[in-house]
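Peer 1: This is a predicted model, with the sequence first.
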Amino acid sequence: QVQLVESGGGLVQPGGSLRLSCAASGSIAALYGMGWYRQAPGKQREWVARVNNSGNIKTYADSVKGRFTISKDDGKNTGTLQMNSLKPEDTATYYCNADLIDLAGRTYYEVWGQGTLVTVSS
């Protein structure tokens, strides 16, 4: 079974930083373009950032541009979201999303992790 597992969430003060990780598990051969999303209590899930297959094109929601940085490590089939200058409005459960290829060559589209909670509060 292939899956994505996020980690790194927690409680941080405004202005602080957190680094979220997303690891693919199972018999994974490759991790394609990865996206990060978030969902605050009572709100719809929103897109935060995305990196393409090659890792050279990164796009961000306006609300996080200049503060968050997305990256992925193809060798380890992992991705990260570095979050700096955090604000209370960044409080949400963060999810990663990616297409995965297993060792048998099967493609799993739009695989989601279980989410990791980020709380920004003093």
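Peer 2: Received the coordinates, thanks.

Peer 1: Skip the chain neighbours and tell me the closest residue to residue 22.
Peer 2: Excluding the flanking residues, the one nearest residue 22 by C-beta to C-beta, 6 or more residues apart in numbering is residue 96, at 3.4 Å. All C-beta spots, glycine's among them, are computed from the backbone N, C-alpha and C.

Peer 1: bridging residues for that neighbour?
Peer 2: Taking DSSP bridges as the rule, residue 96 bridges to residue 36.

Peer 1: Helix or strand with the lowest mean pLDDT in this protein?
Peer 2: strand 28-39 (a mean of 91; mean pLDDT, DSSP states H and E).

Peer 1: CA atoms only: put it into PDB for me.
Peer 2: Once non-C-alpha atoms are left out, strand 28-39 reads as follows in PDB (Å, rounded to 0.1, in the frame of the first residue of the first chain):
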ATOM      1  CA  ILE A  28       7.600   3.600  -4.200                       C
ATOM      2  CA  ALA A  29       9.700   4.100  -7.300                       C
ATOM      3  CA  ALA A  30       9.000   7.800  -7.800                       C
ATOM      4  CA  LEU A  31       7.200  10.800  -6.400                       C
ATOM      5  CA  TYR A  32       5.900  13.300  -9.000                       C
ATOM      6  CA  GLY A  33       4.800  16.800  -8.500                       C
ATOM      7  CA  MET A  34       3.900  17.600  -4.900                       C
ATOM      8  CA  GLY A  35       1.400  20.000  -3.500                       C
ATOM      9  CA  TRP A  36       0.600  21.300   0.000                       C
ATOM     10  CA  TYR A  37      -2.800  22.300   1.100                       C
ATOM     11  CA  ARG A  38      -4.300  23.400   4.400                       C
ATOM     12  CA  GLN A  39      -7.700  23.400   6.000                       C
END
